[in-house]
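1. Coordinates for the following, if possible.
(2 chains)
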Amino acid sequence: MRNDGADSKGEPGSELTRRRFLKTAGVGVAVLGAIGGWSLRSSKQATADAAPKAAPAKGPRQPIQRTITLHVNNRDYRVIVDTRETLAEAIRDKVGLTGTKVGCNHGQCGACTVILGGQAVYSCSTLAVQAEGAKITTIEGLSQGEKLHPVQEAFLAHDAFQCGICTSGQIMALTACLNNAPGKVTEESIKAGMGGNLCRCGAYVQIIRAGLQAAAAMGKS
Amino acid sequence: MESFAYSKAANLQQALDLLKSTEGAQVVAGGSDLLSLLKNEVLTPEALVDIKGLADLNYIKDEGGVLRIGATTTLTALGNDAAVRERFPIIAQTIPLIASPQIRNQATVAGNLCQRPRCWYFRSELYDCFRKGGPTCFAITGRNSEHAIFGGAGCFIVHASDLAPVLIALNAEIALQGPSGKRVLPLEEFFVLPRMNPHAENLLQPGELVVEIRIPAPAADAKGIFVKTRLRGSWDFAATSVAMVAQVQNGTFQDVRVCLGAVAPAPWRSKEAEAALKGQAVTADVAAAAAKAAVRYARPMSENGYKIRQIQAIIKRAALALAK
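-> Next comes the predicted model:
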């Protein structure tokens, strides 16, 4: 319902619509208060000049949503996401798989690690819309029914966690590390492959032991 | 994070068209740097144009002479490539020192070169710093332990890329494509100092994309090394780094290129160190003289004097390793 001047009636210079009046009334009052002696006409000019500043051209941006298909753990999930949503947020909040954790949310701690297209990535640093069409594996997709993945078995056998917040990320990073190892897995190659995952409880020694056991179980040692 | 429109380009031409036709558009590929900047609202683009995985930008072509690397090649793919490992071992040696495995799986070569500064004032939504168009650089009187010892003026960021010094030492070129066509320039000239433009780290124009990196064939007797210091051993941005590529015959440096990282707002070619090494049989004394020459014009800030000692130590280490 724009009405700025086009169908205003009366003399030129008086085209003060209700909308613009409400937007600028405060400024007008302030100007009047400051220069009390000015005529009404002067104050009108002052409000007209102040109007562009008081009413910025663009309002807050509207959220933009997209319907996408995420291929997670061999299932397709049709979800509506905001373009701003990270893959971690979409996996947790839209797909409903909360095994993936968000720690730092800035690609520094590794808690959100998932396997995307066969490689470990930080799901907090990937947009959900960018992951459409890619094969995604989360911690929930590792076991086969009740049978745990060798990396999960090894984490249990070696107590490779304490509080557990980093564990799903550690397990996904280690799984990708072992899957993609070109040859024999060593302590050094596990350390290099796991460098992107922090554990504040300090379970690193056990994680490396778990890695060596899992590597043996997967025929990589 | 401010809301944005998102479109995935189907090919390079569509990406260029989208960038040209969409006001306030920003390119995204791996996203490992960009998402942090969006979350902190350092950048608030109105639209993202996704070029991740574009087949016409994701390649490594070994043409015997020049090696061509497509812009969206991931760091992992670059480090695993057989031709890169055989012909440019310095690159294969550098890749594991860049970021973490997860980031290398996402991050692209062009993204690494175009990454924004790590300066905490630049990255924080609380500081309207000079680089972001504000009145002043807060590092001048604030915390500056990770800031520049060379080339600062108005702004004292360091360029955080590890790959850039290596590619500059290898005399690489960068190809850019935009609305007014394609241009190729030496990678060294792609980066700019604050005195040229305090708001950007490179010459990339609006609507323009990095499309390719070209590395010329190295001399048969060329050897290269990259040395990096960092606070954390597992992964971290460089505190200082040096890339050195030399033609060495019987311990004598016939030719050498030295590029320092994380000490200046752009990768810092050290002509002083090169002059001190060139034509010399490199001994511990010669290496020390080159290191000293490299920092002759360094201007430390209140908290980053350690960089002068560290950069000298790694220049010496690099020169002696190549002399062997």
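2. For the residue of chain B found nearest chain A, which non-adjacent residue is spatially closest?
-> Nearest residue of chain B to chain A (CB to the nearest CB) works out as residue B:100 at 2.8 Å. The C-beta positions use only the backbone N, C-alpha and C, and glycine is treated the same way. Taking CB to CB, 6 or more residues apart in numbering or on different chains as the measure, residue B:100 lies nearest to residue A:196, with 2.8 Å between them; neighbours along the chain are not counted.
3. Over to that neighbour. Which of the three states is it?
-> Using DSSP: H, G, I helix; E, B strand; the rest coil, the three-state assignment for residue A:196 comes out as coil.
4. just checking, it touches residue A:173?
-> Yes. Look at residue A:196 against residue A:173 with CB atoms under 8 Å: they come within range, at 6.5 Å.
5. Mind pulling up the pLDDT for the residue of chain B closest to chain A?
-> In the prediction, the pLDDT value recorded for residue B:100 is 98.
6. Quick one: neighbours of it, just the number.
-> Here the neighbour count serves as a burial measure; for residue B:100 (other CB atoms under 10 Å in any protein chain shown) it reads 27.
7. List the residues that are in contact with both of residue A:196 and residue A:173.
-> Between them, residue A:196 and residue A:173 share the neighbouring residues A:110, A:113, A:120, B:101-102, with contact defined by CB atoms under 8 Å, 6 or more residues apart in numbering or on different chains.
8. mind listing what residue 94 touches?
-> Because you didn't say which chain, this covers chain A. Contacts of residue A:94 by CB under 8 Å, 6+ apart are A:70, A:77, A:79-81, A:85, A:128.
9. wrong chain, I was asking about chain B
-> With contact taken as CB under 8 Å, 6+ apart, residue B:94 is in contact with B:162-163, B:166, B:226, B:243.
10. for the residue nearest to residue B:133 when sequence neighbours are not counted, helix, strand, or coil?
-> Sequence neighbours aside, residue B:199 is the residue nearest to residue B:133 in space, at 6.6 Å (criterion: CB to CB, 6+ apart). Following three-state DSSP, the label given to residue B:199 is coil.
11. Can you give me the distance of residue B:199 to residue B:165?
-> When CB to CB, to the nearest Å is the yardstick, residue B:199 and residue B:165 sit 23 Å from each other.
12. now swap in residue A:187 and tell me
-> From residue A:187 over to residue B:165 (counting by CB to CB), the distance is 30 Å.
13. Which of those two has more residues huddled nearby?
-> More neighbours surround residue B:165 than the other of residue A:187 and residue B:165, with 30 against 12 (other CB under 10 Å).
14. Let me know whether that one touches residue B:245 as I believe.
-> No. The criterion here is CB under 8 Å, and residue B:165 misses it with residue B:245 at 10.2 Å.
15. still on that earlier bit, next up, the contacts around the residue nearest to residue B:100.
-> By CB under 8 Å, 6+ apart, the contact list for residue A:196 reads A:110, A:113, A:120, A:122, A:173, B:99-103, B:234-235.
16. With residue B:96 instead?
-> Each residue near residue B:96 by CB under 8 Å, 6+ apart is listed here: A:192, B:79.
17. Can you pull the phi and psi angles for the residue in chain A positioned nearest to chain B?
-> Scanning chain A for the residue nearest chain B gives residue A:196, at 2.8 Å (criterion: CB to the nearest CB). Dihedral pair for residue A:196: phi -90, psi 10, per degrees, to the nearest 10.
18. so what's residue 99 up against?
-> You didn't say which chain, so I picked chain A. Under the criterion of CB under 8 Å, 6+ apart, the neighbours of residue A:99 are A:138-140, A:168.
19. Can you look at chain B instead?
-> For residue B:99, the contacting residues are A:196, B:32, B:75, B:107, B:235, taking CB under 8 Å, 6+ apart as the criterion.
20. which one among these gets closest to residue A:61?
-> The closest of those to residue A:61 turns out to be residue B:32 (CB to CB; 24.0 Å).
21. so residue B:160 makes contact with residue B:264?
-> No. The pair residue B:160 and residue B:264 does not pass the contact test of CB under 8 Å, sitting 11.3 Å apart.
22. Mind listing the shared neighbours of the two?
-> Residues touching both residue B:160 and residue B:264 (CB under 8 Å, 6+ apart): none.
23. Report the separation between the residue of chain A closest to chain B and residue B:113.
-> Remark: distance between residue A:196 and residue B:113 (CB to CB) = 21 Å.
24. Check the gap between the residue nearest to residue B:133 and residue A:186 for me.
-> As it turns out, when the distance is counted by CB to CB, residue B:199 lies 46 Å from residue A:186.
25. Settle it for me: which of the two has more neighbours?
-> When residue B:199 is set against residue A:186 and neighbours are counted by other CB under 10 Å, the residue ahead is residue A:186, at 14 against 11.
26. hmm, back to that, just the pLDDT for the residue of chain A closest to chain B.
-> Predicted confidence (pLDDT) at residue A:196: the value is 97.
27. Okay, now the unreliable bits of the chain?
-> All of this refers to chain A. Screening chain A residue by residue with the criterion pLDDT under 70, one finds the ranges A:1-58.
28. residues in chain B within reach of chain A, list them.
-> Counting by CB under 8 Å from any CB of the partner chain, the residues of chain B close to chain A are B:1-6, B:8, B:28, B:31-32, B:35-36, B:38-39, B:46, B:48, B:50, B:52, B:76, B:96, B:99-103, B:105-106, B:234-235.
29. Just the buried residues of those residues.
-> Applying 16 or more other CB atoms under 10 Å in any protein chain shown to the residues of chain B next to chain A, the neighbour count classes B:1, B:4-6, B:8, B:28, B:31-32, B:35-36, B:38-39, B:46, B:48, B:50, B:52, B:76, B:96, B:99-103, B:105-106, B:235 as buried.
30. The residues you listed in strands, which ones?
-> Of the positions in those, B:5-6, B:8, B:28, B:48, B:50 sit in strands, assigned by DSSP state E.
31. want to try CSV for these, with distance to residue B:324 and pLDDT as columns?
-> Converted to CSV, these look like this (distance: CB to CB, whole Å; pLDDT from 0 to 100):
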residue, distance to residue B:324, pLDDT
B:5, 55, 97
B:6, 51, 97
B:8, 49, 96
B:28, 43, 98
B:48, 48, 98
B:50, 46, 98
